[in-house]
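A.B. asks: kindly generate the corresponding structure for this input.
(one chain, ligands or ions: 1)
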Amino acid sequence: MSGTVLVAYASKSGTTTEVARRIGACLREEGLPVEVRRAAEVTSLEGYRAVVLGSAVRMGQWLPEARRFVGRFSEALRERPVAIFTVHLLARENSDESRAQRESYTAPIRACLTPVSEAFFAGRLELARLSFGERFISRMVKAEEVDARDWEAVCAWAREVAARVKG
Ligand SMILES: Cc1cc2nc3c(=O)[nH]c(=O)nc-3n(C[C@H](O)[C@H](O)[C@H](O)COP(=O)(O)O)c2cc1C
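C.D. replies: Have a look, this model is predicted:
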């Protein structure tokens, strides 16, 4: 099947934007034509052979624009391979409890579609990139500033997705 792979993402403070762009670059290295776009900007899935959809997490949920994307394109998403990724801070932990919690973040998404692959990537927290309200919350919970992104893990997953898309 010909066509471009769409990497659609939702990000509030830029971390997931950079992860989505890296996924796009790694898919291109595998020989696939790729477009990387904000989920809210996408108006149709026509012409895309597969979709890679990702979101940052806020308060235990994907961002609204990524959730809306799933609702807007529910039918088209069932007709092509979809891989999903989540960028958040709990991904740094590996206990049963944290795994169960992060799986709960994407349970509403998996109720609407069956991804060919799913990944959880550790993200970044930088106070200067947050809105006033989010900075306030982060200070209240004494959140540490951190950039925990593992670019090799991101690219390794993109290669796995490329193999599935190429079939
Ligand atoms: C107000 C706030 C709430 C957050 N809630 C969660 C959460 O519930 N679970 C989690 O794992 N990470 C949480 N995070 C961490 C973000 O998901 C992480 O910083 C992510 O990399 C941000 O991505 P973005 O820059 O693309 O928005 C939260 C961050 C902020 C600022």
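A.B. asks: and the residue nearest the centre of the chain, bridged to which residues?
C.D. replies: The residue lying closest to the centre of the chain (CA atoms, centre = their mean) is G54, at 1.8 Å. Assessed by DSSP bridges, G54 has beta-bridge partners Y9, F85.
A.B. asks: residue of the protein nearest the ligand, please.
C.D. replies: G123 (2.1 Å; CB to the nearest ligand atom). For the C-beta atoms, the positions are set from N, CA and C on the backbone; glycine is no exception.
A.B. asks: shouldn't the residue nearest to the centre of the chain be in contact with V70?
C.D. replies: No - if you go by CB atoms under 8 Å, G54 and V70 don't touch, sitting 11.8 Å apart.
A.B. asks: just the strands in this protein please.
C.D. replies: Along the chain, the stretches classed as strands by DSSP state E are 4-10, 34-38, 48-58, 61-62, 82-88, 117-122, 124-125, 146-147.
A.B. asks: what strands line up against the last one, and which way round?
C.D. replies: In other words, strand 146-147. Partners of strand 146-147 in its sheet, by DSSP bridges: strand 124-125 (antiparallel).
A.B. asks: average pLDDT for the strand it pairs with, rounded please.
C.D. replies: Strand 124-125 shows a mean pLDDT of 97.
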